[in-house]
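Chemist: The following comprises the amino acid sequence and a computationally predicted model.
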Amino acid sequence: MATFGTLSDRLTETFRNLRTKGKLSAADVDQTVREIRRALLDADVALVVVKEFTAKVRERALGDEVNRALNPAQQVVQIVNEELVGILGGEQRRLQFAKNPPTVIMLAGLQGSGKTTFAGKLAKQLEKDGHTPILVACDLQRPNAVNQLQVVAERAGAAVFAPEPGNGVGDPVRVARDGVEYARRQQHDIVIIDTAGRLGVDAELMKQAADIRKATDPDEVLFVIDAMVGQDAVNTAKAFQEGVDFTGVVLSKLDGDARGGAALSVASVTQRPIIFASTGEGLEDLEPFYPDRMASRILD
Ligand code: GDP
């Protein structure tokens, strides 16, 4: 997979140089840390995250665990791996389901981040697992958004709850609330709420998303972010965390030539787990996010 390519290549090179060393001097450690720093910055990891990460690696690399290690260089690689896994959330985190269905899953993110596509992918995967999801169309901002969700739902074979056409613009908070009620009555065990997103962070839409959250009390609020956004990831994620808050992250478009910095930045800055990786335009292209696998991929 091309993902993290640049980051991996750079770190692989760094570690190859390191592996030829026996005992490490402070200068070796500093050199290695400088190269890790450069690789992370080149992969668009946010500067605050890079600083914190390299400071931790440096401190541990100069400490006893490396000094006493049989193979100090390998120990440093191990430390980098551990710290990466730590930032990426440690254990793989699964979706949380409600004790009393329906489980409500709300999606938030910028326009074009991949929310609607993800809604279809998730519905399809959940159906495969025996669930009966329904998609609720609360993006009433763009004229075509409801229709787009209907198309995705049809491809996924999932039900949709949407405002009647011709009923005016409608109130997304009310649609969300009615959608959850409808799901309960029709015994859909999972409700996936698609919300509106602007190209930039927008106070009014953020309030709308917060109101939808309040009205539906979701079990999960998933923030969908395009892995290609690079340095902007941190500010966008922070704005959504402050505006709506979210319980987990979906990293989309990981199939592209994303340099992968977004994953590290968002996980580190928001302290929220990345739950899914979206890896293509097809409805099958959805994977759980495994922090340890991602860390190895970065280092390989
Ligand atoms: P929304 O505005 O957040 O609902 O975003 P959409 O779901 O409409 O996605 C925007 C565009 O990105 C569409 O053209 C999708 O086909 C595309 N897209 C969504 N997810 C992925 C993905 O994982 N990989 C790729 N390559 N394209 C994606």
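Modeler: Received it, and whenever you're ready, just let me know what you need. Given the structure is predicted, the values throughout are model-derived calculations rather than measurements. Residues are numbered from 1 along each chain as shown.
Chemist: for the helix or strand in which E35 is found, packing partners?
Modeler: E35 is located in helix 26-42, with elements delineated by DSSP states H and E. Under the contact definition 3 or more C-beta pairs under 8 Å, 6 or more residues apart in numbering; DSSP states H and E, helix 26-42 sits against helix 5-19, helix 47-61, helix 72-87. Just so you know, the C-beta spots here come from the backbone N, C-alpha and C atoms, and that holds for glycine as well.
Chemist: for that helix, which positions count as buried?
Modeler: Going by neighbour count (16 or more other C-beta atoms under 10 Å), the buried part of helix 26-42 is 28-29, 32-33, 35-37, 39-41.
Chemist: Quick one: residues in contact with it.
Modeler: For helix 26-42, contacts defined as C-beta atoms under 8 Å, 6 or more residues apart in numbering pick out 6-7, 10-11, 13-14, 17-18, 21, 47, 49-50, 53-54, 57-58, 61-62, 66, 76, 80, 259, 261, 264.
Chemist: what's the offset of it from the middle of its chain?
Modeler: Offset of helix 26-42 from its chain centre (C-alpha atoms, centre = their mean, to the nearest Å): 26 Å.
Chemist: coming back round to it: which among the contacts of helix 26-42 end up buried?
Modeler: Using 16+ other C-beta under 10 Å as the burial test, those include 6-7, 10-11, 14, 18, 49-50, 53-54, 57-58, 61-62, 66, 76, 80, 259, 261, 264 as buried.
Chemist: These also near the ligand: which ones?
Modeler: Among the buried ones among the contacts of helix 26-42, not one lies near the ligand by C-beta under 6 Å from any ligand atom.
Chemist: near the ligand, which residues of the stretch 151-300 of the chain?
Modeler: For the stretch 151-300 of the chain, the contact set with the ligand under C-beta under 6 Å from any ligand atom comprises 197, 252-253, 255-256, 278-281, 285.
Chemist: By neighbours, which of these wins?
Modeler: The residue in those with the most neighbours, by other C-beta atoms under 10 Å, is S252 (29 neighbours).
Chemist: Confirm for me that that residue is in contact with T116.
Modeler: No: if you go by C-beta atoms under 8 Å, S252 and T116 don't touch, sitting 10.7 Å apart.
Chemist: Tabulate the helices and strands packed on helix 26-42 in a markdown table, adding columns for distance to F240 and mean pLDDT.
Modeler: Output for the helices and strands packed on helix 26-42, formatted as a markdown table (distance: least, C-beta to C-beta, whole Å; pLDDT from 0 to 100):
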| stretch | distance to F240 | mean pLDDT |
| --- | --- | --- |
| helix 5-19 | 24 | 74 |
| helix 47-61 | 17 | 94 |
| helix 72-87 | 19 | 91 |
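Chemist: closest to A156 out of those?
Modeler: Across the helices and strands packed on helix 26-42, A156 has its closest neighbour in helix 5-19 (30.4 Å, C-beta to C-beta).
Chemist: Compute the inter-axis angle for the closest one and helix 72-87.
Modeler: Per axes from the mean of the first three to the mean of the last three C-alpha atoms, to 10 degrees, the angle that helix 5-19 makes with helix 72-87 is 150 degrees.
Chemist: Can you check what angle separates helix 5-19 from helix 26-42?
Modeler: Using the same axes, to 10 degrees, the inter-axis angle of helix 5-19 relative to helix 26-42 is 170 degrees.
Chemist: Confirm V160 sits in a strand?
Modeler: Yes: assessed by DSSP: H, G, I helix; E, B strand; the rest coil, V160 belongs to a strand.
Chemist: List the contacts of it.
Modeler: Listed by C-beta under 8 Å, 6+ apart, the contact partners of V160 are 134-137, 149-150, 153.
Chemist: 10 Å - rerun?
Modeler: By C-beta atoms under 10 Å, 6 or more residues apart in numbering, the residues touching V160 are 119, 123, 134-137, 146, 149-154, 179, 192, 194.
Chemist: what's the answer for A145, then?
Modeler: Contacts of A145 by C-beta under 10 Å, 6+ apart are 111, 115-116, 137-139, 162, 194-197.
Chemist: From those, which land in helices?
Modeler: Members of those lying in helices (criterion: DSSP state H): 115-116.
Chemist: now the contacts of A145 as CSV including pLDDT?
Modeler: Formatted as CSV, the contacts of A145 follow (pLDDT from 0 to 100):
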residue, pLDDT
Q111, 93
K115, 96
T116, 96
A137, 95
C138, 94
D139, 89
A162, 91
D194, 96
T195, 95
A196, 91
G197, 87
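Chemist: Buried ones among the contacts of A145?
Modeler: 111, 115-116, 137-139, 162, 194-197.
Chemist: any idea how far the closest residue to the ligand within the stretch 201-300 of the chain lies from E284?
Modeler: Ranked by C-beta to the nearest ligand atom, the top residue of the stretch 201-300 of the chain for proximity to the ligand is S278, at 3.6 Å. S278 sits 11 Å away from E284, going by C-beta to C-beta, to the nearest Å.
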